[in-house]
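Asks: Need a 3D model of the following:
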Amino acid sequence: MLKRQVVLECIAALLILLFLYASVSKFLDFKRFIEEIDNQPLPNSWTPFIVWSVPFLEIGISAAVAFEYTRLLGFYASLILMTLFTIYSILILTHFFPYIPCSCGGVIRKLTWPQHLVLNLFYVALSVLGLILQRSKHFKPILITKNSFV
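Replies: Next up, the predicted model:
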């Protein structure tokens, strides 16, 4: 039981580290982030929505996994966002887009696309493991004994 809690806390800490780092990096160089989103193979009309929603979503996920009460929701949100980032990485690696932009912040920007994919898959796996451990933590099986029906 204690081991599970330690693993959950480590997973939460790694997710918080990733998402807070990514969001702060975007805000610290916000002008560059906007330019990079404008350079994505997406309609530029989406830029205002993306540049505000992604960093705040990352901060929200960090907050959700930080607290026991909202951690399950945070793991689900992390899984969804990291799966979307993973799909995007796969599309880039399979040359789906005519050019390869990157709007990552900080040191993550320096990763190659195969490295992005590995990082994303690692965090998808962490999110899944967190979900499994968090859900099983709250699942209490009903034990039926001979005296249960008395």
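Asks: drop to CA atoms for contacts and neighbour counts, all remaining ones
Replies: Will do.
Asks: next SSE after the helix or strand bottoming out on mean pLDDT in the chain?
Replies: Least confident element among the helices and strands of the chain, by mean pLDDT, DSSP states H and E: helix 30-38 (a mean of 90). Next along the chain after helix 30-38, taking DSSP states H and E as the criterion, comes helix 47-66.
Asks: Which per-residue confidence value corresponds to the spatially most central residue of the chain?
Replies: Closest to where the C-alpha atoms of the chain average out (Cα atoms, centre = their mean) is Ser78, at 3.3 Å. Ser78 is assigned 98 on the pLDDT scale.
Asks: How about the contacts made by it?
Replies: Residues in contact with Ser78, defined by Cα atoms under 8 Å, 6 or more residues apart in numbering, are 15, 61, 124, 127.
Asks: Now render the residues you listed as JSON lines, adding pLDDT.
Replies: Listed next are the contacts of Ser78 as JSON lines, based on pLDDT from 0 to 100:
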{"residue": "Leu15", "pLDDT": "98"}
{"residue": "Ile61", "pLDDT": "98"}
{"residue": "Val124", "pLDDT": "98"}
{"residue": "Ser127", "pLDDT": "98"}
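Asks: what's the helix or strand for the residue nearest to the centre of the chain?
Replies: helix 71-93.
Asks: List the buried residues of that helix.
Replies: If you call a residue buried by 16 or more other Cα atoms under 10 Å, then helix 71-93 has these buried ones: 71-72, 74-79, 81-83, 85-86, 89-90, 92.
Asks: And stretch 60-73, by the same measure?
Replies: For stretch 60-73, burial by neighbour count (16+ other Cα under 10 Å) applies to 60-66, 71-72.
Asks: do the same with stretch 7-14
Replies: Of all the residues in stretch 7-14, those buried under the rule 16+ other Cα under 10 Å are 8-9, 11-12, 14.
Asks: what's in contact with that stretch?
Replies: 65-66, 126-127, 130, 133-134.
Asks: Would you reformat the buried residues of stretch 60-73 as CSV and include distance to Ile34?
Replies: Shown next, in CSV, are the buried residues of stretch 60-73 (distance: Cα to Cα, whole Å):
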residue, distance to Ile34
Gly60, 20
Ile61, 21
Ser62, 22
Ala63, 24
Ala64, 26
Val65, 27
Ala66, 28
Arg71, 30
Leu72, 31
